[in-house]
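J.: okay, here's the prediction I keep looking at, along with the sequence it came from:
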There are 2 protein chains.
Amino acid sequence: MSQSSPKSQLTKETLLPLLAAHVMEHGLGGASLRPLAKAAGTSDRMLIYHFGNKERLIVDLLGYIAGIYAAALEAGIGAERAATRQECAARILAQSREPMMQTFMVLWWEIVAGSARGLPGYKDAAEEMMTKQLTWLETQMPADDPDPKGGARYLMTLLEGSLMLGAVGHARTAREALMASELARPSPRD
Amino acid sequence: MSQSSPKSQLTKETLLPLLAAHVMEHGLGGASLRPLAKAAGTSDRMLIYHFGNKERLIVDLLGYIAGIYAAALEAGIGAERAATRQECAARILAQSREPMMQTFMVLWWEIVAGSARGLPGYKDAAEEMMTKQLTWLETQMPADDPDPKGGARYLMTLLEGSLMLGAVGHARTAREALMASELARPSPRD
DNA sequence: ATCGGAATGTAGCGACTGCTACAAGAGCCT
DNA sequence: AGGCTCTTGTAGCAGTCGCTACATTCCGAT
């Protein structure tokens, strides 16, 4: 067999969590091999050895981050659905206010920027995360909602717009926009 | 007087448009002095001379970009308001589909990312652009709208969410979300 | 005519970039 | 035991980074 030796503790799998922790704090754009390696307790030499080159490292890292994002969402799936769209919106807002999600958002906008610019790996990771977010939202929609899928899409679009406005200092605009939306009214349609 | 000499054609004012054109194409994050200087027909030496250091150059550049964004919006103010919120949404969507706006969006997400990370100058520029966008939208809202300001905020939040989803490959999600929103219905409130 | 200051070119500094050449250790198979 | 491959350390390369020292040119003020 090719992996019969248990000697090495240094694999992609053991490296990625440490690398992810580093980019979560310091960002993706300015990340360079030596600080990355230091955060993982190795040398740039070994990062290249295990990932081939920096681009593949970033791509793997983005995939890994998308994976833990998905896992975090899945772990946070409540047992019962929301009763109304309002409550559904409240839940997702509460989720986005958690500290871990706050620090993640800083990284998220870098991923969006990389995706818009076409950097390799960024769009796939971003798309995967948004898909996951969307299906998570669908599970939270009220059971009697006339259009749960459409409602989830609507809710997510509004939410992401709010998050973006919040990131650029227009949190108030976003908050008032949400209050002016149909989410502030008791029933989705009547 | 201090600026009586017409000798030099090399000032911040003449430099900024050329620098802006460069970052519009190549991005802000990876921008370094020498390519920037080449695009402006000078040397890195002169950029430092005129702006002091790179950080101040970026801050000035962001301010300049916010300025031209505002000017572009102002130039595009239609004489008459929209008749309905739907039409208002259609206008802003049409605007966002223009080629110049498309290339600007790539830069925009970098600005959002920098703003979220707290890089100097980013948040101010982003906030200014969003404020301008909001007031532009208010001028486009129907004259008989019950809540033009609130409607503009709502519309912008939804639109920005759509643009973000579009940037990460969820354009379909965004499109369908817009169609499921109240903007797809004839009257804002009835 | 001379001085002074603003503007510009040339060269280079030290730090950092991604990456590689080379050698050596470590455990495997025969 | 002898090789073999996988893994790792040490050094270093060529290139780029932001920035600066130094010298020069040029123009207006005196």
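T.: Thanks, I have the structure now. Numbers count the residues shown, from 1 in each chain, chains lettered A, B, ... in the order given.

J.: could you use CA atoms for every contact and neighbour count after this?
T.: Noted.

J.: contacting residues around residue A:18?
T.: Residue A:18 sits next to A:39-40 when contact means C-alpha atoms under 8 Å, 6 or more residues apart in numbering or on different chains.

J.: report the buried residues of the host helix or strand of it.
T.: Residue A:18 is located in helix A:12-26, with elements delineated by DSSP states H and E. For helix A:12-26, burial by neighbour count (16 or more other C-alpha atoms under 10 Å in any protein chain shown) applies to A:15-16, A:18-20, A:22-24, A:26.

J.: next one: that helix to chain centre, how far?
T.: With C-alpha atoms, centre = their mean, to the nearest Å as the basis, helix A:12-26 stands 15 Å off its chain's centre.

J.: does that helix come close to DNA strand C?
T.: No: applying C-alpha under 7 Å from any atom of the strand, one finds helix A:12-26 out of contact with DNA strand C, separated by at least 11.6 Å.

J.: and that helix, does that touch DNA strand D?
T.: No: between helix A:12-26 and DNA strand D, judged by C-alpha under 7 Å from any atom of the strand, nothing touches; the nearest distance is 9.5 Å.

J.: give me the nearest residue to the residue of chain A found nearest chain B, chain neighbours excluded.
T.: Of all residues in chain A, residue A:161 sits closest to chain B, at 3.6 Å by C-alpha to the nearest C-alpha. Distances taken as C-alpha to C-alpha, 6 or more residues apart in numbering or on different chains place residue B:161 nearest to residue A:161, at 3.6 Å, with adjacent residues excluded.

J.: any chance you could list what contacts the helix or strand harbouring the one you found?
T.: Per DSSP H and E, residue B:161 falls inside helix B:148-167. For helix B:148-167, the surrounding residues in contact (C-alpha under 8 Å, 6+ apart) are A:112, A:115-116, A:130, A:156-162, A:164-165, A:173-174, A:176-178, A:180-181, B:85, B:89, B:93, B:134, B:137-138, B:141-142, B:171-175, B:178.

J.: packing partners for the very next helix or strand once past it?
T.: The helix or strand immediately downstream of helix B:148-167 is helix B:171-180, counting by DSSP H and E. Packing partners of helix B:171-180 (3 or more C-alpha pairs under 8 Å, 6 or more residues apart in numbering or on different chains; DSSP states H and E): helix A:148-167, helix B:148-167.

J.: switch the cut-off to 10 Å
T.: Helix B:171-180 sits against helix A:122-140, helix A:148-167, helix B:148-167, with contacts defined as 3 or more C-alpha pairs under 10 Å, 6 or more residues apart in numbering or on different chains; DSSP states H and E.

J.: pull out the buried positions in that helix.
T.: So for helix B:171-180, counting by 16+ other C-alpha under 10 Å, buried means B:173-178, B:180.
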